[in-house]
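Peer 1: Return atomic coordinates for the entry below.
(one chain, ligands or ions: 1)
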Amino acid sequence: MISVEELGCRFRVRRNEFVDALKDVSFSVGEGELVALLGPNGAGKSTALRVLTGLVPPTSGRASVAGIDVVADPTGVRRRIGFVGQGNGAAHEQRVDDELYAQGRAYGMARADIRATVAELVGLLDLGDLLTRPVRALSGGQRRRVDIALGLVPRPPLLFLDEPTTGLDPHHRARLWEHVDGLRRAFNTTILLTTHYLEEADEHAERVLVIDHGRVIADDTSARLKREHVGHRVSMDFDGADEAARAAKTAADTAGARGVGVDGCTVSLRIDGGDTAVPRLLACLEAEGTGVRRLVLAEPTLNDVFLELTGRSLREGDQYHREQEEAA
Ligand SMILES: Nc1ncnc2c1ncn2[C@@H]1O[C@H](COP(=O)(O)OP(=O)(O)OP(=O)(O)O)[C@@H](O)[C@H]1O
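Peer 2: Sure thing, here's the model as predicted:
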């Protein structure tokens with residue numbers, strides 16, 4: 001459904017100053033897949049979506065969407081996709097219901113089909129009280145819900161969602177995800193989305209693409225990324241510092257262990273395949289006569305993956321977005 005080869009997108013920011021928002025980006029998305037683009041602020045996620053939806057021309061490389069080249073026929077691309085961008089519901093005098101119906105007509109949908117789809121989306125996103133209001137009179141979160149409904153009206157086979165849940169409260173986030181999962185079950189909709197909520201990518205995406213400084217630095221399932229780049233996090237408490245120091249040596253010699261650290265009576269480390277490796281480590285410690293007082297085995301997160309790959313936390317981006325939401 002989406003094929004991207006060595007895509008580049010360079011913006012001129014001042015007379016002789018350029019920003020490479022995308023550099024040699026290659027990936028593909030198969031029919032029915034849900035792929036999440038993750039990366040910190042300014043990584044190039046929105047630019048990738050804007051190039052793929054024909055809104056911004058790339059400066060190098062190739063991309064095709066639903067079999068159509070994004071440079072040769074951007075209008076053809078837009079006709080076949082749904083796109084929920086960041087804040088594309090401009091403040092204007094149109095009423096919400098007029099906007100929704102106009103969207104259906106723009107996609108050539110039959111009247112009855114538009115009515116049924118709009119009714120469903122109005123229920124889903126709690127738009128009932130907002131239908132007769134002009135878009136300019138909505139709050140940020142309300143407008144976001146209208147943006148999302150607009151993107152979903154045509155029930156396109158391919159959906160691009162740029163941070164669809166940013167600015168929504170947890171209730172509406174959950175409802176939106178129910179709907180997106182429902183769309184996939186009913187219509188096998190292909191989805192490429194960006195999100196700052198790592199747990200959303202973890203739970204709903206079949207594949208995760210990590211972008212940093214305009215480049216794709218990882219492309220895999222969340223489970224494999226976590227397994228291959230991080231492993232489980234282990235923390236063990238001992239009765240004394242001497243025992244902890246001895247245990248740290250044993251842990252460092254255990255296959256798959258890395259990053260072993262000691263802090264007083266606590267040893268922490270990462271270990272590949274922790275669910276089978278940790279029992280082996282415990283057996284070794286017991287054979288040496290070192291008793292573990294308390295052990296915590298934690299699943300790695302996508303943020304751990306990002307930290308491992310880039311040395312930075314994606315949570316900083318999360319925090320940025322929470323602050324934006326609180327300010328809105
Ligand atoms: N129209 C533009 N003109 C100049 N520079 C741009 C333009 N659009 C994006 N950029 C720059 O390109 C880089 C990538 O921006 P982009 O919006 O794609 O990042 P992002 O990963 O979506 O970030 P965020 O998570 O903050 O939305 C940034 O350095 C940004 O400042």
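Peer 1: how close does the residue nearest the centre of the chain sit to the ligand?
Peer 2: In the chain, the residue lying closest to the centroid (C-alpha atoms, centre = their mean) is Thr195, at 3.6 Å. Using C-beta to the nearest ligand atom, to the nearest Å, Thr195 is found at 10 Å from the ligand. To be clear about C-beta, it is placed using only N, CA and C from the backbone, and glycine gets the same treatment.
Peer 1: That residue is in contact with Glu163, isn't it?
Peer 2: Yes: with contacts counted by C-beta atoms under 8 Å, Thr195 reaches Glu163, the gap being 6.0 Å.
Peer 1: hang on, Met236 packs against Thr290?
Peer 2: No: at 9.6 Å, Met236 does not count as touching Thr290 under the criterion of C-beta under 8 Å.
Peer 1: Show me the strands in the stretch 201-328 of the chain, by range?
Peer 2: 207-212, 215-220, 232-237, 257-263, 266-271, 294-298 (DSSP state E, counting those that start in this stretch).
Peer 1: Give me the angle between the last one and strand 266-271.
Peer 2: By that I understand strand 294-298. Strand 294-298 and strand 266-271 are oriented at 30 degrees to each other (axes from the mean of the first three to the mean of the last three C-alpha atoms, to 10 degrees).
Peer 1: now the angle between strand 232-237 and strand 294-298, please.
Peer 2: Using the same axes, to 10 degrees: strand 294-298 against strand 232-237 is 170 degrees.
Peer 1: rewinding a little: who's more crowded, Met236 and Thr290?
Peer 2: Neighbour totals were compared for Met236 and Thr290, and Met236 leads with 25 against 18 (other C-beta atoms under 10 Å).
Peer 1: any idea how far His92 lies from the ligand?
Peer 2: In terms of C-beta to the nearest ligand atom, His92 sits 22 Å off from the ligand.
Peer 1: Quick one: neighbours of Phe11, just the number.
Peer 2: Around Phe11 there are 13 other residues, counting by other C-beta under 10 Å.
Peer 1: before we move on, what about Thr301?
Peer 2: As a measure of burial, Thr301 has 18 neighbours, counting by other C-beta under 10 Å.
Peer 1: where's it relative to Leu52, distance?
Peer 2: 28 Å (C-beta to C-beta, to the nearest Å).
Peer 1: related to what we said a few turns ago, find the residues that touch each one of Met236 and Thr290.
Peer 2: Ala247 (C-beta atoms under 8 Å, 6 or more residues apart in numbering).
Peer 1: Show me which residues of this protein sit near the ligand.
Peer 2: Applying C-beta under 6 Å from any ligand atom, we find that the chain lies next to the ligand at 11, 13, 19, 21, 39, 41-47.
Peer 1: Of those, which qualify as buried by neighbour count?
Peer 2: 21, 39, 43-47 (16 or more other C-beta atoms under 10 Å).
Peer 1: Tell me which of those residues fall in strands.
Peer 2: Ala21 (DSSP state E).
Peer 1: Could you single out the nearest of the buried ones among the residues of the chain next to the ligand to Val296?
Peer 2: Gly39 (29.4 Å; C-beta to C-beta).
Peer 1: now the closest one, nearest residue through space, not along the chain?
Peer 2: Ile211 (3.8 Å; C-beta to C-beta, 6 or more residues apart in numbering).
Peer 1: What about that neighbour, how many residues nearby?
Peer 2: Neighbours of Ile211 (other C-beta under 10 Å): 25.
Peer 1: I'd guessed it sits against Leu37; true?
Peer 2: Yes: here Ile211 reaches Leu37: they are 5.9 Å apart, a contact under C-beta under 8 Å.
Peer 1: what is in contact with those two at once?
Peer 2: Common neighbours of Ile211 and Leu37 (C-beta under 8 Å, 6+ apart) are 45, 48.
Peer 1: Would you mind listing the buried residues in stretch 101-121?
Peer 2: Residues 101, 103-104, 107, 109, 114, 117-118, 120-121 are the ones in stretch 101-121 that count as buried (16+ other C-beta under 10 Å).
Peer 1: sorry, back to before: residue contacts, the residue nearest to Gly39?
Peer 2: Counted by C-beta under 8 Å, 6+ apart, Ile211 has contacts 25, 37-39, 43-45, 48, 217.
Peer 1: Any chance of CSV for the strands of the stretch 201-328 of the chain, columns distance to Pro170 and mean pLDDT?
Peer 2: As requested, these are exported to CSV (distance: least, C-beta to C-beta, whole Å; pLDDT from 0 to 100):
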stretch, distance to Pro170, mean pLDDT
strand 207-212, 22, 94
strand 215-220, 28, 94
strand 232-237, 26, 94
strand 257-263, 34, 93
strand 266-271, 31, 94
strand 294-298, 23, 94
